[in-house]
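*Asks:* Make a model of this:
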Amino acid sequence: MWRDFIREKAESMPGHTAIIDRVGDRCWSYAALEGEILFWAAWLQGRGVDRGDRVAWLAPNRLEHLTLFFACAKLGAILVPLNHRLSPRELESIVRHVEPKVLVGEGPATFSSPFVWHDVQAVRRDETLPIPAPRAVADDEALLLLYTSGSTGDPKGVLFHAGMLMANMEHTIGTGVLAPGDVSIINTPFFHTGAYNVFTLPLLSIGGTMILFERFDPGGVLDAIRDDAVNVFWAVPTMFQAIHDHPRFAQTDFGRVRVLLSGGAPLSLSLIKAYHEKGVPFKQGFGLTEVGPNCFLLQTQDSWLRPDSIGKPIANSLARVVDDGGREVVADGVGELLLGGPHVCKGYWRDELRFQESLRGGFFATGDLVRRDAEGFFYVVGRKKEMYISGGENVYPGEVEKQLVAHPDIHQAVVVAVRDEKWTEVGFAWIVAARELDLDELRVWLNPRLGRYKHPHHIRRLSEFPLLANGKIDRPRLARDARKIVGEG
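*Replies:* Numbers count the residues shown, from 1 in each chain. So this is what the prediction gives:
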């Protein structure tokens with residue numbers, strides 16, 4: 001059952017700082033945060049929001065995003081954070097799928113929708129609204145709906161039920177990574193599971209403090225470490241690299257930072273060493289939107305010995321490695337990772353068939369190919385499908401290819417991932433086209449159709465694609481050729 005832990009903390013430690021809001025330039029105690037949550041719960045109730053209704057939010061990180069989530073929880077409603085980096089066409093499609101009772105954002109709407117848009121900055125604060133009566137929220141009731149893409153790029157809405165959210169919080173706290181009174185940072189977007197579930201909800205549930213940024217800013221992180229007693233935070237490797245590369249990294253005192261947690265991709269030994277020289281140890285984690293996301297943990301001492309490992313499953317996180325026939329793979333063999341436990345989602349919004357196709361005997365099939373060594377450490381070795389991660393964002397080649405071949409001069413397209421120093425991975429587009437196209441022209445075409453993080457960084461034109469014996473495009477060969485061109489080997 002969902003626990004109203006903000007209300008609990010507002011009663012037990014009302015004056016303790018819950019949120020340092022760098023967007024609104026204000027500090028919020030737990031008591032003040034609870035008051036803000038009650039306002040939004042009353043406001044939503046006044047607009048007819050009830051149990052099971054969807055409330056969509058579209059804006060960069062703001063305090064209202066968090067307060068709307070907790071307000072929805074008081075009503076048994078479902079918050080749907082929308083990715084503001086998507087094109088208008090993509091947003092329209094998702095909103096039609098969600099059918100929100102209320103749609104809230106910052107400023108005027110950037111896309112057309114039959115649903116009423118509310119500008120968060122124009123919401124009246126002088127309304128007298130009745131405070132909602134407390135409601136119990138059962139484990140199987142959804143409170144959060146996050147959209148991610150399938151291997152074909154079709155959006156799927158992952159439902160986060162109360163039991164799943166609570167289990168992830170308990171798992172995270174049980175690892176000992178967080179402690180009451182810790183100070184951490186939110187600078188990843190709320191339309192991803194990480195912003196909510198890696199640290200924010202677990203830390204607020206035990207009385208910690210979160211510093212809220214609108215977006216990732218390496219200098220802002222260093223300022224928070226210096227000025228706000230930050231002692232634990234998480235990020236993806238590209239973010240840790242950007243912090244390291246900032247001119248003030250060398251002079252910043254990391255003495256109060258107890259631990260850093262990295263996820264999304266392996267850390268390089270050189271980066272681990274650079275932070276170690278500042279006296280800061282790393283832990284590494286692994287999870288995905290549908291499970292956790294806190295499923296695996298690589299402890300500090302193991303980061304040196306096994307920097308490419310995702311660690312071992314944390315408590316109550318069940319992991320299997322199976323072959324295509326569903327049989328367990330022996331140690332050091334490669335197979336698909338299946339995950340089970342109370343932190344697995346219970347379904348996709350209005351797409352039960354696709355969700356059931358992802359289950360294997362009650363376990364969720366991740367699509368990740370992994371190896372488990374004799375000591376129980378796991379290593380991700382690839383993906384069953386071609387999705388790649390660019391700057392912490394999932395990119396699906398099929399989605400990009402679909403928009404490329406919609407161009408009047410492009411007949412065929414294949415997008416593969418190549419390594420990139422800044423973004424970890426970026427797209428390399430192979431095209432069969434009537435004429436040469438450069439990246440600038442390609443971006444003009446893709447801008448209204450895809451978020452910029454999905455745009456390929458490299459493009460090459462061929463007269464025809466190499467084919468396999470079965471007539472299918474030889475994608476492995478194109479991937480190898482792309483890696484050679486960018487100097488990977």
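
*Asks:* ok, Gly220 to Phe428 distance?
*Replies:* Gly220 sits at a distance of 32 Å from Phe428 (criterion: CB to CB, to the nearest Å). The way it works is simple: take the backbone N, C-alpha and C, and place the C-beta from them, glycine included.

*Asks:* Kindly report the same for Ala365.
*Replies:* For Ala365, the distance to Phe428 - CB to CB - is 27 Å.

*Asks:* if you count what's nearby, which of the two comes out ahead?
*Replies:* Using other CB atoms under 10 Å as the criterion, Ala365 and Phe428 rank with Phe428 on top: 24 against 19.

*Asks:* Residue ranges in the protein under the pLDDT threshold?
*Replies:* In the prediction, the chain carries residues with pLDDT under 70 at positions 149-153, 382, 468-472, 489.

*Asks:* Using the record's domain definitions, break it down for me.
*Replies:* With domains defined by automatic domain parsing, the chain comprises 5-370, 390-485.

*Asks:* how about these in a markdown table, adding distance to Gly376?
*Replies:* Formatted as a markdown table, these follow (distance: least, CB to CB, whole Å):
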| stretch | distance to Gly376 |
| --- | --- |
| domain 5-370 | 5 |
| domain 390-485 | 26 |
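
*Asks:* Which stretch among these is buried most, on average?
*Replies:* Greatest average neighbour count among these goes to domain 5-370 (a mean of 19), per mean count of other CB atoms under 10 Å.

*Asks:* So for that one, first residue to last residue, what's the gap.
*Replies:* Terminal residues of domain 5-370 lie 36 Å apart, using CA to CA, to the nearest Å.

*Asks:* residue closest to the middle of the chain?
*Replies:* His192 (3.0 Å; CA atoms, centre = their mean).

*Asks:* sorry, back to before: quick one, which of the domains of the chain is nearest to Arg383?
*Replies:* domain 5-370 (5.9 Å; CB to CB).

*Asks:* Run the chain-centre distance for that closest one.
*Replies:* 7 Å (CA atoms, centre = their mean, to the nearest Å).

*Asks:* element containing the closest residue to the residue nearest to the centre of the chain other than its chain neighbours?
*Replies:* Spatial nearest neighbour of His192, chain neighbours left out: Leu146 (7.1 Å); criterion: CB to CB, 6 or more residues apart in numbering. Secondary structure assigned from DSSP states H and E places Leu146 in strand 142-149.

*Asks:* which residues are contacting that strand?
*Replies:* Contact with strand 142-149 is made by 2, 52, 54, 69, 72-73, 76-83, 94, 98, 137, 155-162, 165, 191-193, 196, 289, 346, 349, 394, 396, 399, as judged by CB atoms under 8 Å, 6 or more residues apart in numbering.

*Asks:* Settle this for me: Tyr30 is touching Ala18, isn't it.
*Replies:* Yes - contact status for Tyr30 versus Ala18: in contact at 4.6 Å, counting by CB atoms under 8 Å.

*Asks:* Give me the contacts around stretch 370-377.
*Replies:* Counting by CB under 8 Å, 6+ apart, 298, 302, 306, 309-312, 319, 321, 329, 331-337, 378-381 sit against stretch 370-377.

*Asks:* Among those, name the ones in helices.
*Replies:* Among those, the ones falling in helices (DSSP state H) are Asp302.

*Asks:* Distance of Ile310 relative to Arg371?
*Replies:* 10 Å.

*Asks:* Return every residue with contacts to both of those two.
*Replies:* In contact with both Ile310 and Arg371: 378-379, using CB under 8 Å, 6+ apart.

*Asks:* Assign a three-state SS to Met210, would you?
*Replies:* Judged by DSSP: H, G, I helix; E, B strand; the rest coil, the three-state class of Met210 is strand.

*Asks:* Report the backbone C-alpha coordinates of stretch 12-26 in PDB.
*Replies:* What follows is stretch 12-26, C-alpha atoms only, in PDB (Å, rounded to 0.1, in the frame of the first residue of the first chain):
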ATOM      1  CA  SER A  12       7.500  14.400  12.500                       C
ATOM      2  CA  MET A  13      10.100  16.900  11.100                       C
ATOM      3  CA  PRO A  14       8.100  19.900   9.700                       C
ATOM      4  CA  GLY A  15      11.000  22.300   9.600                       C
ATOM      5  CA  HIS A  16      13.500  20.000   7.900                       C
ATOM      6  CA  THR A  17      14.400  21.000   4.300                       C
ATOM      7  CA  ALA A  18      12.900  18.700   1.800                       C
ATOM      8  CA  ILE A  19      13.600  20.500  -1.500                       C
ATOM      9  CA  ILE A  20      16.100  23.200  -2.400                       C
ATOM     10  CA  ASP A  21      14.500  24.500  -5.600                       C
ATOM     11  CA  ARG A  22      17.100  26.000  -7.900                       C
ATOM     12  CA  VAL A  23      14.400  26.700 -10.500                       C
ATOM     13  CA  GLY A  24      12.200  28.800  -8.300                       C
ATOM     14  CA  ASP A  25      15.000  29.900  -6.000                       C
ATOM     15  CA  ARG A  26      13.300  28.700  -2.800                       C
END
